[in-house]
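[1] Need a 3D model of the sequence below.
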Amino acid sequence: MKGIVAFVLIFAVLDVGAAQILKRTFSAWRFQERGVLERKYRIVSPIYHHDLAASTDARSMWGNIPYHTTTNSLGFRDDATREVPLRGPLPRLLLLGDSFTEGVGIAFDSTFAGIVATKWRDAGIEVLNGAVAGYSPAMYYRKTKYLLDELGLSIDGVLVFIDISDISNEARQYVVDSADHVIDLEAPPEPRFRSLKASLKDNSVLFHVGDAVKDVIGSRKRYALREEIAAWTFDSAAFERYGRVGAQRAVENMDRLLALLRRQEIALTVAIYPWPDQIAHRDTSGRQVRMWRQWTSANGVGFLNFFPDFIDPAEDPRKTIGRYFIPYDYHWSTEGHRHLAAALLRTDVRRRVSRPVHGVASPQVR
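    Residues are numbered from 1 along each chain as shown. This is a model prediction of the structure:
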C-alpha cells in the first residue's frame, strides 16, 4: 500500500512538473491564458451586447491555434490599426456576421473578408468588416443602427452573412429589449467546474493529454458533426425545440435592419453558407435556404446562396469538410476562406454598392 501511495505521489509531482515546463515552452498549451488573451479585446457593449475593442493589436487563441487580431478605430477587424473616417472617399460595403465572418483562428489577410477587401479596394470599393463572434440578427440590426444613427458612419451597402447558429442564438440567448438594446437571456455565471477543468489542463500532463485524446477519438469530432445548434435546418425535432421561435425572431430583427437601411437608401444583401452538418446531409434545400430565399425575394433584397459552393453531390462529404474546415471545428480553415472568397468575388454584389443609392435594388439570386 505504501508503495502505491509513493508511486502516485511521485507520478503527480512529475506530472505537474512536466506541465510547468510545457506551458512555459508552448503558448498553445496554456488553456487558461486563452481566455485572458480574448478578454483583452473582446469587450461588452451596453447597446448591442459585445464587440471588439478599437485600435487593438493583440495575440489571439482559437482552440490550440495562435493567430493575431488587429482592429481599426471602429473596432472592426482589419489589416492595421488604422483610423477610419466616418465618411471615406470610396463607396463602402459593411460586412456583418459572426465568428465565420470575423475569421477566428485565421490571419486577417487570409480570411475571406481580408481577401475580398484587398480585391475590391482595387475596384474602388472599401470593405469594412463589422462581424464579431457570437453575433446574430439582433446585433446585425442594433450595431448597424448605432453605426449609422449614433456614430454617423457613412456606408453604401450592407452584406450580412447569416450563420446556421444564428437561429439558436435568437431563440435561446439574445433579444432586443424595450429600450432597443440587445440583452442576454442566459448570462449565467461561469460554472466552478470549468475553472477547475482549465486549471487541471494547464497543470497536469495527464489531464491535458486526456482531454486532447477525448476530442480526437471518433470521426464525429474530427469532422465537427452532429452539432445540436446546427440540426434545425434538417431535423424537425430540433426545429420545434428552438428553430421555430429562433427563425421568427431572426426574421423580425432582419425586418428591423431592412427598414433602417431603406430609410437611408442603403442596399442590403443576405448571404448564407453551410456548416459541416449541412454538408454531411447534403442539405442544399433545407430550412436555412428556404427561409432566407423567401424573405429576400419577398423584400427585394439581394441573396447569395453559398450552399452549392460547399456541397458537391459527387464528393464524399468528409473529404469536403476535411478540405475546408479546421479539424475538430466547424469553422473554415484558410482553404475554406479562400474558397468562399473566390465564390463571393464571382458574384455581382459589389454592383449594389454605389454612391448615391436610389431606392432598393432588385434581388441578385444565385
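[2] What ranges in the stretch 101-250 of the chain fall below the confidence cut-off?
    Low-confidence segments of the stretch 101-250 of the chain (pLDDT under 70): 187-224.
[3] Show me where it has its helices.
    112-122, 137-145, 166-172, 192-203, 205-216, 219-222, 236-238, 244-263 (DSSP state H, counting those that start in this stretch).
[4] could you give the angle of the second one to helix 244-263?
    Here the directions of helix 137-145 and helix 244-263 differ by 20 degrees (axes from the mean of the first three to the mean of the last three Cα atoms, to 10 degrees).
[5] in helix 137-145, what counts as buried?
    The neighbour-count check on helix 137-145 (16 or more other Cβ atoms under 10 Å) flags Pro137, Ala138, Met139, Tyr140, Tyr141, Arg142, Lys143, Thr144, Lys145 as buried. For glycine as for every other residue, the C-beta is placed from the backbone atoms N, C-alpha and C.
[6] Without its sequence neighbours, what residue ends up closest to Gly336?
    Tyr324 (3.6 Å; Cβ to Cβ, 6 or more residues apart in numbering).
[7] so what's the one you found scoring on pLDDT?
    On pLDDT, Tyr324 comes in at 98.
[8] wait, isn't it in contact with Arg338?
    No. Tyr324 sits out of contact with Arg338 when judged by Cβ atoms under 8 Å, with a separation of 9.0 Å.
[9] In terms of neighbours, single out the busier of the two.
    For Tyr324 versus Arg338, neighbours defined as other Cβ atoms under 10 Å are more numerous around Tyr324 (22 against 16).
[10] who touches that one in this structure?
    The neighbourhood of Tyr324, defined by Cβ atoms under 8 Å, 6 or more residues apart in numbering, consists of Phe310, Trp332, Ser333, Glu335, Gly336, His339.
[11] Could you work out the most separated pair of those residues?
    Phe310 and Ser333 (12.3 Å; Cβ to Cβ).
[12] My read is that Ala230 contacts Ile164, right?
    Yes. Taking contacts as Cβ under 8 Å, Ala230 lies within contact range of Ile164: 5.0 Å.
[13] so what sits against both of the two?
    Taking Cβ under 8 Å, 6+ apart as the contact rule, Ala230 and Ile164 both touch Trp275, Asp277, Gln278.
[14] and which of the residues you listed is nearest Glu102?
    Lowest distance from Glu102 to those (Cβ to Cβ) belongs to Trp275, with 15.9 Å.
[15] and that closest one, how far is that from Asp163?
    Remark: distance between Trp275 and Asp163 (Cβ to Cβ, to the nearest Å) = 8 Å.
[16] Kindly report the same for Ile311.
    When distance is defined by Cβ to Cβ, Ile311 is 16 Å away from Asp163.
[17] Settle it for me: which of those two has more neighbours?
    Taking other Cβ under 10 Å, Ile311 and Asp163 do not tie; Asp163 has more neighbours (25 against 18).
[18] show me what contacts Ala237?
    Applying Cβ under 8 Å, 6+ apart, one finds that Ala237 lies in contact with no residue.
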